[in-house]
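[1] Need the 3D shape of this:
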Amino acid sequence: MTPFKKVLLFCHRWLGLISGLVVFIVSITGCIFCFQDEIQDAMYDYRHVEVQNKPYLKPSDLINIVAQKHPKASSDYIIYYGADRPAGVMANLGKEGLKYVYMNPYTGQVTHTDSPQTNFFIIVEYIHLYLLLPPAIGKWIVGVSVIIFMVIMVTGLILWWPKRKTDRKRSFTIKWGGRWRRVNYDLHNVLGFYATAIAMILAISGLAIAFEPVSRAIYNMANVGNGIKYEDEVTEPKSDSLKTSGIAKQPVVDIAFAHARQQSPNAEMFLIHNDPAVSGAIGVGAYPKSLHYAKATGLEFDKYNGRVLKSYIYDKKSPGLKLTEMNYDIHVGQIGGLTTKIIAFLASLICASLPITGFIIWLGKRKKNRSKTGKARVAVHHKTHRRAVQSV
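    Below you'll find the predicted structure:
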């Protein structure tokens, strides 16, 4: 082995030992989260409603229904998930935390109330993002571990790549009939090779979700040469509380939702940001496909008179903004439907297995080296003893 590869092997081995536990936790939780929508759809009836030939209730109606049950709550987010799905309101109860209230969007009947603190998949998501640590700490531990894992994947690929073409066929397959240590070695190397490209995409998209500088870097790379600046395209407008002339005669949240539906008549899902504590405008996102967050059209409204302050029409967005808004769908594998979800699931499962198979390889080599050292000591002892006898 060349000195360069010895350095790579040292880095690969010890970086793996340092980050292995976090990589396993992040990968296995990501694996579980991939199909969370499908699993919850199968488990819970409230996630579907019967389609009715009548319009949705207005957002203000949903807010009033929540207020009857939780008078002190502020309805920060309202979501219409689709024609055959419920509407949801995220109610902020202050010190009591958050509640997700699900309703039939046609009748207003409350079908389910959920708390994020007890929802299994939200807990899995928080483990994936923060290891259940305070977000400011957990985010960095996960982020650094993911970056280390990316380095490990690259070094592993360089170390494993076969020199001769005749060795490639053997190197790209798992020898299932071999001894268990050989199978474990192949599982680590061969599966690691096949998962590398997808694992890199999942890692980068995850870092972009967690860290603004990474998302900004992706945005800038996709917009190279077109002169579009992030601040000019993405900066959200703010309502001016001093200019309250022409106050709307109906709730602005209703005006915003009606305008968004008119602007995007084919959208299946609408997300309304209605946080009264924020000085900015009321925002509405229109999404072509339910539970998918790519290809959205966004609108910002003055929260006093309902005037449109800014629009983010999908077809007019820059390539950078389109790409960064795809990060979530890419990260969970739903960007290309069921096929890409399965690919992301398998890649995450392989990534979870790599620290385990790698640790077994390291442990086996360590025992082997100890055995060789012990045999060498015995041989030296016998040789010394034999010389002592001969001298006598």
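[2] And the strands in this protein?
    74-80, 87-92, 98-103, 110-114, 269-273, 282-287, 297-301, 308-312 (DSSP state E).
[3] got the ones you listed as TSV, with mean neighbour count and mean pLDDT columns?
    Any C-beta I mention is one placed from the backbone N, CA and C, and that applies to glycine too. TSV is the format used below for the strands of the chain (neighbours: other C-beta atoms under 10 Å; pLDDT from 0 to 100):
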stretch	mean neighbour count	mean pLDDT
strand 74-80	21	92
strand 87-92	22	93
strand 98-103	20	94
strand 110-114	16	94
strand 269-273	21	96
strand 282-287	24	94
strand 297-301	23	93
strand 308-312	16	91
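[4] Gly16 against Thr155, yeah?
    No: checked against C-beta atoms under 8 Å, the pair Gly16 and Thr155 is beyond contact range at 9.3 Å.
[5] per-domain residue ranges of this structure.
    Per the record, the chain has its domains at 1-48+116-228+319-392, 50-105+244-317, by automatic domain parsing.
[6] if we can go back for a sec, looking at the strands of the chain, which is nearest to Asn327?
    strand 282-287 (14.4 Å; C-beta to C-beta).
[7] quick one: Gly306 and Val66, what's the gap?
    From Gly306 across to Val66, the span is 21 Å (C-beta to C-beta, to the nearest Å).
[8] Quick check: bridge partners of the nearest residue to Gly283 once chain neighbours are set aside?
    Nearest residue to Gly283, sequence neighbours excluded (C-beta to C-beta, 6 or more residues apart in numbering): His273, at 4.1 Å. Note on His273: beta-bridge partners Tyr77, Gly283, judged by DSSP bridges.
[9] tell me the contacts of His273?
    Listed by C-beta atoms under 8 Å, 6 or more residues apart in numbering, the contact partners of His273 are 76-77, 282-285.
[10] Tabulate these (JSON lines), appending distance to Val22.
    Formatted as JSON lines, the contacts of His273 follow (distance: C-beta to C-beta, whole Å):
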{"residue": "Asp76", "distance to Val22": "32"}
{"residue": "Tyr77", "distance to Val22": "31"}
{"residue": "Ile282", "distance to Val22": "39"}
{"residue": "Gly283", "distance to Val22": "34"}
{"residue": "Val284", "distance to Val22": "37"}
{"residue": "Gly285", "distance to Val22": "32"}
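[11] pLDDT below threshold where in the stretch 101-250 of the chain?
    165-169, 240-248 (pLDDT under 70).
[12] before we move on, back to that, of the strands of the chain, which is nearest Cys351?
    Comparing these by C-beta to C-beta, strand 282-287 comes nearest, at 28.7 Å.
[13] between the closest one and strand 74-80, how big is the angle?
    Here the directions of strand 282-287 and strand 74-80 differ by 20 degrees (axes from the mean of the first three to the mean of the last three C-alpha atoms, to 10 degrees).
[14] for strand 282-287, packing partners?
    Identification of packing neighbours for strand 282-287 by 3 or more C-beta pairs under 8 Å, 6 or more residues apart in numbering; DSSP states H and E yields helix 252-263, strand 269-273, strand 297-301.
[15] From the chain's centroid, how far away is it?
    Strand 282-287 has its C-alpha centroid displaced from the chain centroid by 21 Å (C-alpha atoms, centre = their mean, to the nearest Å).
[16] Give me the contact list for it.
    236, 252-253, 256-257, 259-261, 263-264, 267-274, 293-303.
[17] do stretch 336-352 as well
    In this structure, residues lying in contact with stretch 336-352 by C-beta under 8 Å, 6+ apart are 23-24, 27-28, 30-31, 34-35, 149, 191-192, 194-195, 198-199, 202, 331-334.
[18] buried subset of those?
    Using 16 or more other C-beta atoms under 10 Å as the burial test, the contacts of stretch 336-352 include 23-24, 27-28, 30-31, 34-35, 149, 191-192, 195, 198-199, 202, 331-334 as buried.
[19] hmm, back to that, so which of the contacts of stretch 336-352 sit within helices?
    If you go by DSSP state H, the contacts of stretch 336-352 have 23-24, 27-28, 30-31, 149, 191-192, 194-195, 198-199, 202, 331 in helices.
[20] which among those gets closest to Val51?
    His331 (30.5 Å).
[21] returning to what we had before: in a markdown table, list the helices and strands packed on strand 282-287 along with distance to Glu212.
    Output for the helices and strands packed on strand 282-287, formatted as a markdown table (distance: least, C-beta to C-beta, whole Å):
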| stretch | distance to Glu212 |
| --- | --- |
| helix 252-263 | 26 |
| strand 269-273 | 18 |
| strand 297-301 | 18 |
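[22] Great, nothing more from me.
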